[in-house]
Every structure is written in structure tokens, then in C-alpha cells.
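K.L.:
Provide a 3D model corresponding to the input given below.
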Amino acid sequence: MGQVFYPYEPEQTLLLPPSLRDWVPEGHLAHFVSDTVDQLDLTALYARYEQREDGRGQLAYEPRLLLKLLIYAYAVGLFSSRKIAQAVEDLVPLRYLAAGQLPSHRTLARFRQEHIAQFQGLFVQVVRIARAAGLVAMGTLAIDGSKLKANASKHKAMSYGRMQEADARLRREIAQITQRAQEVDAAEDVEFGPDFRGDELPAELRRRETRRAKIREAMERLEAEEAAHDDASGRGQSRPGGLKRPIGVPPATQQMNFTDPESRLMKTASGGFEQCYNAQLAIDAERQIIVAAAVTEKAADNGQLGPLEEQAEANTGVRTATLLADAGYKAEANFAALEQRGVDAYVSLGKGEEPRATAAGSGGPCTQRMARKLRTDEGRRRFKRRKAIVEPVYGWIKQVLGFRAVSMRGLAKAKGEWSLVCLVLNLCRIATLTVPA
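P.N.:
Numbering: from 1, shown residues only. Prediction:
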């Protein structure tokens, strides 16, 4: 007698409809995502649906359903709305979370865009769930940043100096084309025939005017940003008449991207330059739960130390006892603010992971105290923990989840999507640490 097989009849019908929940094994991440989302306060998501009091219009998908699909899809490395919609048809866990429904990619994309601002609040709720589960102690907090590629090409950027040159060149070309068009206007009337006036702008002129309008818009944005920066920094107040570059005029090398004007050209870990945003994390050392997250268009990290520490306290209700950060965050003002708040900080004063590469007595009083603290055995021991706390988290995000670039354009949307990614990673960590295998 040969080998005996399990029965295999793909066309066999079932007497009773199967439960979709039974298709996913117990302990699966999909169950945890579904149960957790059901416990979240989703009032902010439902608010826009409740504005339509008469109930007219096409039926909408449940916000809970769409949120569960987004969270699980991000957890398995699916970020494109088209790929998520296809996966709902192909992957059993997503089919279970959708309860057999098949929302289109447009529905998923629209839901993500319309509710992008609410993801920050949902992230905070998940942080508090982790805190209630005993996974967040706020004894030691590690802060670090990493560059996320923007949804824009660096080849679509132009410096302020090149914008000025292009603007002048296009202005000359537009004047020449306009003059030439006026000179041949009568001849073109005959050529175009009776159905055309003959005075339409040539296509070449329209293209140049459009290009010049975009360049002028970018120049005005750069000038407005530089004026705000000069005003905030007090530039020129001590010697208003002795500035090489007037107030509100950007440096010639300052760039702006035409595809995503709020992104910036930044140096990445590979050593090259890409159009990026600067993503920031504050991570609790207890179980490597993200307790604060932010995105900025500034390449430098040092302006984010205080806001991240304060956000972590607001999200958890507890002020951290110890804070660790690399040299990108060193600044006398940062050290003074942390001392005033009673936070025992260990921030590198050297390069990379070298905590104390600074001359004795250099810097302000807070910097000198930081240097003395980092020279002690206890200071070196505490600072050495920073890398082991923060680096794995960025590894999980970029290597395991595969999230290295934002899907949408604009700083506000980048912030929202980063909150969603941090929410997803926290849920994965909570599930790993609390759900029995």
C-alpha cells in the first residue's frame, strides 16, 4: 500500500460558513493588532464622518477596519496603498482584519491622507498602553536621529544662486519671445486661419513663464524662511550696516526642492547626499519602546534634544531620570535646560561615540560640567549604553520593516507617517514581549 494523503478537494463546499478568525493561528500579530485597535479611542477618526448628519452618500468603510489594515501592512513592510489593497486579497491575516471586505487602494490612500494628523495621538495612546503594561520605566532615555528619504529627487532641487541666474535668463528669453511674437502677429493671423485669433501665447513662451513662476515661488519661500531665521537669531542687530549678505537674503548655496519644497538635501550615513527629512526618536531603555518621535526639515539634531525629552514626559506622564545622546545634540543651551529640569544627561562632546573629546575648561559652565561627568568611570559606563539602546530600534525600522523613505510629500505628512511607523513598531514590541508564543 502506498503513501496515504490528507483529503484534498479544492472545490469542496462547506456546510457552515467558516470563521475568519479561525484562519489565523492564536498568538498571531493580526489578533493583537485587532484587539488593540478595538481598545483605542478613535473619536478623532470618526469625527469627520459624523459631520454628515443626513447619512446620504455612498457607504463608507469602518475606520477601525482601515486602521487595522494600515497598521498590519506597515508591520509586514507594505507601505504602498496599491500593494496593501492587493495584499488584502492575497494574505490571510489582512483578509481576516478586513472581515472579507476589499477596500480599494484609493480608499486606503485617502484614509491615510485624511487622518495623517491623528496618527500622533494614536501613537501616544500606544505609548501609554506600554507604560501600563510595565514596559516603560523612564529610568533611562536614549535619543537619536536618522535621515529618511523624502518622496522627491535631489535632482529636482536648485540653489538660490542658480534660481537668480535662471530667473534673469528666463526673463530675457520671455521678453525676446514676446517681441518676436508681436512682430509676426499679422503673418500668423493668415497662417492660423479664421478659427484662431492669432495672438495666443506660443507654447515656448508658456513653458518659460511657467518655469519662471515656479522659480520665483521657490525664491520667495527661501527668502521668507531666511528672514524668519535672521529675525529669530538676531542677525545683524549688533552691526546692521556691516553685513555682507542683507537680512532676508539666503546664501547662494541654499537649496530648495521643487517636488517637495519642505524637504532638504542632507548627508546620509552612506556618505552621499539625498533629499531627506530628519527623523528623531526617544527610546526607553527598559524594553526599547519608543516614547517620543518627531520629524524636522533641519539636518542638525541639536535643536531637538529638549523638545523630545519634554514630549517623552508628556506622553508617559513621567520625567526621565537619565538621558543619553550623541555629539549631534551637544549645546550649552541644551545642557542648561536639562540641568534646570533635573535630568541627569550624558551627551557626547566628541565625535561619534567618543564621549569626552574636548579640551579641559573649554565651553560654557554647563559644557564643562558635562565634560567632567563624562570623564568619570560612571559617566563612561552610562554613556556606553546609548548605542545598544537606540541602534537596534532604527535597525528594526529600516531593515525589518523596510521603512527608509516617506510615502507622502510635505513636513506635516512626513510627521504623521513617522508617528504611524513608530506606533506600528511599538505594537510589534508589545506583542513580542506580552503575547504567549
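K.L.:
checking residue 142 next. Helix, strand or coil?
P.N.:
When classified by DSSP: H, G, I helix; E, B strand; the rest coil, residue 142 comes out as strand.
K.L.:
and for the nearest residue to it once chain neighbours are set aside, the neighbour number?
P.N.:
Leaving aside its sequence neighbours, residue 142 sits nearest to residue 389 (Cβ to Cβ, 6 or more residues apart in numbering; 3.9 Å). Placement of C-beta: from N, CA and C, glycine included. By other Cβ atoms under 10 Å, 19 other residues sit near residue 389.
K.L.:
I'd say residue 371 and residue 349 touch.
P.N.:
Yes - proximity of residue 371 to residue 349 meets the contact threshold set by Cβ atoms under 8 Å, at 5.7 Å.
K.L.:
pairing partners for the longest strand along the chain, with directions?
P.N.:
Counting by DSSP state E, the longest strand found in the chain is strand 273-284. Sheet partners assigned to strand 273-284 using DSSP bridges are listed as strand 140-149 (antiparallel), strand 264-267 (antiparallel), strand 289-296 (antiparallel).
K.L.:
what residues sit buried inside it?
P.N.:
With burial defined by 16 or more other Cβ atoms under 10 Å, the residues of strand 273-284 counted as buried are 274, 275, 276, 277, 278, 279, 280, 281, 282, 283, 284.
K.L.:
what of stretch 376-395?
P.N.:
In stretch 376-395, counting by 16+ other Cβ under 10 Å, buried: 379, 382, 383, 386, 389, 390, 393, 394.
K.L.:
kindly report the same for stretch 141-155.
P.N.:
141-152, 154.
K.L.:
in the chain, which spans are strands?
P.N.:
140-149, 157-159, 255-257, 264-267, 273-284, 289-296, 322-325, 344-347.
K.L.:
could you tell me the least trusted of those strands?
P.N.:
In terms of average pLDDT, strand 157-159 trails the rest of the strands of the chain, at a mean of 65.
K.L.:
the bottom helix or strand of the chain by mean pLDDT?
P.N.:
Least confident helix or strand of the chain, by mean pLDDT, DSSP states H and E, is helix 185-192 with a mean of 55.
K.L.:
on that earlier part again, wait, isn't the residue nearest to residue 142 in contact with residue 143?
P.N.:
No - using Cβ under 8 Å, residue 389 makes no contact with residue 143, being 9.7 Å away.
K.L.:
find residues that contact each of these two.
P.N.:
283, 324 (Cβ atoms under 8 Å, 6 or more residues apart in numbering).
K.L.:
poorly predicted segments of the stretch 51-200 of the chain, please.
P.N.:
52-57, 156-171, 173-200 (pLDDT under 70).
K.L.:
I'd like to know how many residues surround the spatially closest residue to residue 417 that is not a sequence neighbour.
P.N.:
Closest residue in space to residue 417, ignoring its immediate chain neighbours: residue 406 at 5.3 Å, by Cβ to Cβ, 6+ apart. As a burial measure, residue 406 scores 27 neighbours (other Cβ under 10 Å).
K.L.:
any idea how far residue 102 is from residue 406?
P.N.:
27 Å (Cβ to Cβ, to the nearest Å).
K.L.:
burial of the nearest residue to residue 327 once chain neighbours are set aside, as a residue count?
P.N.:
Take residue 327 and drop its neighbours on the chain: the residue closest to it by Cβ to Cβ, 6+ apart is residue 348, 4.1 Å away. Using other Cβ under 10 Å, residue 348 has 23 other residues around it.
K.L.:
kindly report the same for the one 3 residues further on.
P.N.:
If you count neighbours by other Cβ under 10 Å, residue 351 ends up with 9.
K.L.:
that one against residue 328, yeah?
P.N.:
No - the pair residue 351 / residue 328 is not scored as a contact, 10.2 Å apart, by Cβ under 8 Å.
K.L.:
quick check: the gap between the nearest residue to residue 259 once chain neighbours are set aside and residue 89.
P.N.:
Among residues not flanking residue 259 along the chain, residue 152 sits closest, at 3.8 Å (Cβ to Cβ, 6+ apart). Distance of residue 152 to residue 89, given as Cβ to Cβ: 31 Å.
K.L.:
returning to that earlier point: next, the residue nearest to residue 259: phi, psi?
P.N.:
phi -160, psi 150 (degrees, to the nearest 10).
K.L.:
domains in this protein, by residue range?
P.N.:
20-47+59-114, 118-153+263-434, 156-236+243-257 (automatic domain parsing).
K.L.:
quote the end-to-end distance of the second one.
P.N.:
Its start and end residues considered, domain 118-153+263-434 measures 26 Å (Cα to Cα, to the nearest Å).
K.L.:
circling back to that earlier point, what's the closest of the domains of the chain to residue 13?
P.N.:
Ranking those by their distance to residue 13 (criterion: Cβ to Cβ) puts domain 20-47+59-114 first, at 16.7 Å.
K.L.:
thinking in terms of the whole chain, how far from its middle is that closest one?
P.N.:
A distance of 21 Å separates the centroid of the chain from that of domain 20-47+59-114, by Cα atoms, centre = their mean, to the nearest Å.
K.L.:
list the contacts of residue 92.
P.N.:
23, 24.
K.L.:
give me the number of residues near residue 262?
P.N.:
18.
K.L.:
cool, residue 292 as well?
P.N.:
Counted with other Cβ under 10 Å, residue 292 comes out at 27.
K.L.:
who's it bridged to?
P.N.:
residue 282.
K.L.:
all numbers from here: first residue = 296
P.N.:
Let's use 296 as the start, then, which means that last one is residue 587.
K.L.:
so what's residue 380 closest to, chain neighbours aside?
P.N.:
Leaving aside its sequence neighbours, residue 380 sits nearest to residue 400 (Cβ to Cβ, 6+ apart; 3.9 Å).
K.L.:
which residues touch the one you found?
P.N.:
375, 376, 377, 379, 380, 381 are the contacts of residue 400 under Cβ under 8 Å, 6+ apart.
K.L.:
now the second one: how far from residue 409?
P.N.:
Residue 376 sits 13 Å away from residue 409, going by Cβ to Cβ.
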